[in-house]
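>>> This is a predicted model, with the sequence first.
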Amino acid sequence: MSVLVVGASGAVGGLVVAGLLERGEQVRATSRDPRRLALPPHVGTFTADLDDPASFGPALEGVERVFLYADLHDPEALVAQLARAGVRHVVLLSSSAVTEPGAEEDYNGSRFLRVERAIDAAGLDRTFLRPGGFAGNAARWSWGVRADSAVPLPYPEAVQAPVHEADIADVAVLALTGDTLVGAAPVLTGPERLTLREQVATIGDVIGRPVTVVEQTEAESAALLGRHVPQVWVRQIITGWREAVGTTPTISDAYPRLTGRPARTFRTWVEDHAALFR
């Protein structure tokens, strides 16, 4: 039986494919545009669109396990398609936002909750991966670092515990290659608390030149972010930063407990992606 990785061109999905191949699994991969996939020839690649569940038909033939992103407008329809195809176990890239108070009313929390509930309602075996903020969100700063050795921010003292996408992928591979995580919903974080200012300083340290923070108002930050991300995400990002000032995020032990290895640090993420900032 094959494992299907949905969104294999994504940062996490691509690493999930690589991890499965290292374990000798039969892997299939989907993308809206498979030309974006640089995969070995023995990996079956399929065109499929999350907004068109029927498009997954060929990709699901003989598939027992699926790695799924939660970016779905109609999760019930896609989950029904998975169930009809005989999928037994879904590993969903969800979010720790579903565990926060008020998740039902929160844009981010509510959309992930809807997908989780659709999977539960379908009666499929499932593993919900619930990462916090990605270390990869720092990639948004790359243009400022390269051009001006500066990062504009409205709340540089916001505190996070950024998680490396490779840690998420490792747990996904563990879930997709056995039954030990069926029914589990691990929250995944990085191993340390860092302010945004400390993250910027880490980037400078890794690339070998100082990188400064330029403090902004919310309005200035919204105007800048709006050039690159949809407005609904602009509000989410800025609100998240504002509400994280002075907080003490919980550090999850899920990754070391499940894998037997320490979680990757933010510095490791920067070292792995230093070319973005040089």
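That came in fine, so what should we check first? Everything numeric in this text was worked out from a predicted model, so none of it was measured. Numbers count the residues shown, from 1 in each chain.

>>> And the helices in the stretch 1-150 of the chain, which stretches?
In the stretch 1-150 of the chain, the helices defined using DSSP state H, counting those that start in this stretch lie at 11-22, 57-60, 75-84, 107-121, 142-148.

>>> closest one to Pro40 among those helices?
Ranking these by distance to Pro40, with CB to CB as the measure, places helix 11-22 first at 7.0 Å. For every residue, glycine as well, the C-beta is placed using N, CA and C.

>>> Now do the closest one: everything it contacts.
If you take CB atoms under 8 Å, 6 or more residues apart in numbering as the criterion, helix 11-22 is touched by 3, 5-8, 27, 29, 39-40, 43, 67, 69, 93, 134, 136, 165-166, 168-170, 172-173, 176-177.

>>> how about that helix: buried residues?
Val12, Gly13, Gly14, Leu15, Val16, Val17, Ala18, Gly19, Leu20, Leu21 (16 or more other CB atoms under 10 Å).

>>> quick check: mean pLDDT across that helix?
Averaged over helix 11-22, pLDDT sits at 95.

>>> Quick check: which element contains Ala201?
Here Ala201 sits within helix 196-207, counting by DSSP states H and E.

>>> Other residues contacting the helix or strand just after that helix?
Sequence-wise, the next helix or strand downstream of helix 196-207 (DSSP H and E) is strand 212-215. Outside strand 212-215, the residues that touch it by CB under 8 Å, 6+ apart are Ser149, Ala150, Val151, Pro152, Leu153, Pro154, Pro156, Leu196, Arg197, Val200.

>>> let's go with 7 Å and repeat that
Among residues not part of strand 212-215, those counted as contacts by CB atoms under 7 Å, 6 or more residues apart in numbering are Ser149, Ala150, Val151, Pro152, Leu153, Pro156, Arg197, Val200.

>>> Which stretches in the stretch 51-200 of the chain count as strands?
63-69, 89-93, 125-131, 150-153, 159-160, 187-188, 194-195 (DSSP state E, counting those that start in this stretch).

>>> just to revisit the earlier point, which among the contacts of helix 11-22 count as buried?
Using 16+ other CB under 10 Å, the buried ones in these are 3, 5-8, 27, 29, 39, 43, 67, 69, 93, 134, 136, 165-166, 168-170, 172-173, 176-177.

>>> Format the contacts of strand 212-215 as JSON lines; extra columns: pLDDT and distance to Gly226.
Shown next, in JSON lines, are those (pLDDT from 0 to 100; distance: CB to CB, whole Å):
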{"residue": "Ser149", "pLDDT": "97", "distance to Gly226": "23"}
{"residue": "Ala150", "pLDDT": "97", "distance to Gly226": "19"}
{"residue": "Val151", "pLDDT": "97", "distance to Gly226": "17"}
{"residue": "Pro152", "pLDDT": "97", "distance to Gly226": "13"}
{"residue": "Leu153", "pLDDT": "97", "distance to Gly226": "15"}
{"residue": "Pro156", "pLDDT": "98", "distance to Gly226": "20"}
{"residue": "Arg197", "pLDDT": "98", "distance to Gly226": "23"}
{"residue": "Val200", "pLDDT": "98", "distance to Gly226": "21"}
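
>>> With adjacent residues omitted, what lies nearest to Ser31?
For Ser31, ignoring the flanking residues on the chain, the nearest one in space by CB to CB, 6 or more residues apart in numbering is Ser9 at 4.8 Å.

>>> One more: Ala185?
Phe128 (4.0 Å).
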